[in-house]
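[1] The following comprises the amino acid sequence and a computationally predicted model.
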Amino acid sequence: MSFQDAATVLNGLVAQQTGETAVAAIQNAGDYISVGTSLLKTGVDPLAIGISQMVQRTLFAIREYRARLEGAMDVDSDEWGAVTRKINAIDADLESEEAYALTDGQAKDQWIVKKPKLFQTNFYGYDVWRDHVSVTEQQLKNAVLNPAEMGQLLGLILGNKDQTMQQSREAFRRLNLCNYIAALATLGGDRVVHLATEYCTEMGIPVASGTDAATIVKAQANYGDFIKWSYARIAQISDLMTHRGAAFHTLPTDGQGNAMPLMRVTPKEDQKILVLSSDLHQIGARVLSDTFNSSMVTDKVPYTESIAFWQGLKTPDRVVAAPAYMAADGTITQANSITVDNVFGIIYDRWALGVNLHDQRVAVTPLNANGLYVNYWYHEARRAYMDITENGVLFLAD
């Protein structure tokens, strides 16, 4: 924090706590001390509260460390509140046309009842996050009499807590993402694409006993073409998701266990794509530049993000999780732990996966008469959702 930054903060505190017009410009340390002395007359408690209010206005704009997956998963509170229900329409069979099968002396019933079939999914609850930091009375006094102390104080409050918050948000998003990846891998079917196996099959490359398709495609002779083919395959899935169908999501069942025709369509603007960044780096190093032009795959897709690792730094392409997801009958299933290797990427509907952050606030305590310190408390509520009845496809490089 520069001298001018500290002066600006001090002026704001004076205007806020005393109601007086702040000094137009603090030019030197003497001006700073003079203004700070007037502020100290308001007492320690108003000073601490004033700093808290300024912190609350600026905390969420400071991003020394920016949590990953924000654009890929975060939604606003208006769309996903504390309790959300999603009502889905189920297709009904078309009827035979009777206008061409008229019989003398008989009427056609135009009052036949055909009620719409609806399927409702509910999302409840949220997780809460809390942290705090203690600041002594002497630190507060020094901060308003010394620009360097002001910088250190706000750096203490803002810097460390912001980084802690950002990292915990990222971990929360990754938890949701890894649960979704493990759920798709468990459910399988059209929702899992084995890129290496499909490539070897299509190109007529034999997979000899004792080796595997993942190893073959990473060979120098195959890797460049494999990456091009993989991106084309992802683009194909992206196009297929824009058509109304049932291939890429769970079909709910009725009370008799019969699958209900819940059709889904995911326009390009509602698709999100995540790709492991190590594959993108390999593309840059080993494949011609026109190959990794993102428009090849993401034309008109508003959000595409490369991700350095899915779950852990040491095993970037691996996910290990015991996924929880909604079964076809509407019950929550807790599956066995599964290890998913060679995770290349994922494409999903924005309504399939997301995180909502809300109730973010900073509160300050009065001065502790015994310890002569105040506590700054940070609070935030977080909510994750995962809807397996929305479109999503997992791409594995195996």
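    Done, it's in.

[2] C-alpha only now, for contacts and for neighbours.
    OK.

[3] and the end-to-end length of stretch 331-343?
    In stretch 331-343, first residue to last residue: 28 Å (Cα to Cα, to the nearest Å).

[4] buried sites along it?
    Buried residues in stretch 331-343, counting neighbours by 16 or more other Cα atoms under 10 Å, are found at Val340, Asn342, Val343.

[5] could the residues you listed go into TSV alongside secondary structure, distance to Leu357 and pLDDT?
    Below are these laid out as TSV (DSSP: H, G, I helix; E, B strand; the rest coil; distance: Cα to Cα, whole Å; pLDDT from 0 to 100):
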residue	secondary structure	distance to Leu357	pLDDT
Val340	strand	28	95
Asn342	coil	31	94
Val343	strand	27	95
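
[6] Reformat the residues you listed as CSV; add distance to Val128.
    Formatted as CSV, these follow (distance: Cα to Cα, whole Å):
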residue, distance to Val128
Val340, 29
Asn342, 33
Val343, 30
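
[7] where does the stretch 51-200 of the chain have low pLDDT?
    51-67, 71-86, 88-91, 94, 114, 118-126, 143-148, 150-151 (pLDDT under 70).

[8] Tell me where it has helices.
    Ranges of helices in the stretch 51-200 of the chain, per DSSP state H, counting those that start in this stretch, are 70-73, 137-143, 147-154, 161-187, 195-203.

[9] want to throw those into CSV with mean neighbour count and distance to Gly210?
    Listed next are the helices of the stretch 51-200 of the chain as CSV, based on neighbours: other Cα atoms under 10 Å; distance: least, Cα to Cα, whole Å:
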stretch, mean neighbour count, distance to Gly210
helix 70-73, 18, 38
helix 137-143, 17, 66
helix 147-154, 19, 60
helix 161-187, 20, 24
helix 195-203, 18, 15
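
[10] closest one to Ile388 among these?
    helix 161-187 (8.2 Å; Cα to Cα).

[11] Now do the same contact list for the residue nearest to Leu195 when sequence neighbours are not counted.
    Nearest residue to Leu195, sequence neighbours excluded (Cα to Cα, 6 or more residues apart in numbering): Ala397, at 5.1 Å. The contact partners of Ala397, taken as Cα atoms under 8 Å, 6 or more residues apart in numbering, are His194, Leu195, Ala196, Thr197, Ala214, Asn342, Val343, Phe344.

[12] Which member of the residues you listed is positioned nearest Asp387?
    Distance to Asp387, by Cα to Cα, is smallest for Val343 among these, at 20.4 Å.

[13] Tell me the spacing between the closest one and Ile388.
    For Val343, the distance to Ile388 - Cα to Cα - is 19 Å.

[14] Check what pLDDT the residue nearest to Leu195 gets.
    You'll see Ala397 listed with a pLDDT of 93.

[15] For Arg233, see how far away it is.
    Distance, Ala397 to Arg233, by Cα to Cα: 12 Å.

[16] same question, Met260
    Computed as Cα to Cα, the Met260 to Arg233 distance reads 29 Å.

[17] returning to what we had before: which one of the helices of the stretch 51-200 of the chain lies nearest to Asp270?
    Nearest of these (Cα to Cα): helix 70-73, 11.0 Å.

[18] Can you list phi and psi of Ile307 for me?
    phi -130, psi 130 (degrees, to the nearest 10).

[19] what's His243 in contact with, if anything?
    Contacts for His243 (Cα under 8 Å, 6+ apart) come out as Val265, Thr266.

[20] about what we covered before: closest to Arg350 out of the helices of the stretch 51-200 of the chain?
    In terms of Cα to Cα, the element of the helices of the stretch 51-200 of the chain nearest to Arg350 is helix 70-73, at 7.6 Å.

[21] re earlier: for the helices of the stretch 51-200 of the chain, give me a markdown table that also has distance to Trp310.
    Listed next are the helices of the stretch 51-200 of the chain as a markdown table, based on distance: least, Cα to Cα, whole Å:
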| stretch | distance to Trp310 |
| --- | --- |
| helix 70-73 | 13 |
| helix 137-143 | 41 |
| helix 147-154 | 33 |
| helix 161-187 | 7 |
| helix 195-203 | 18 |
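
[22] Of all those helices, which one comes closest to Leu357?
    helix 161-187 (8.8 Å).

[23] With that, I have no additional questions.
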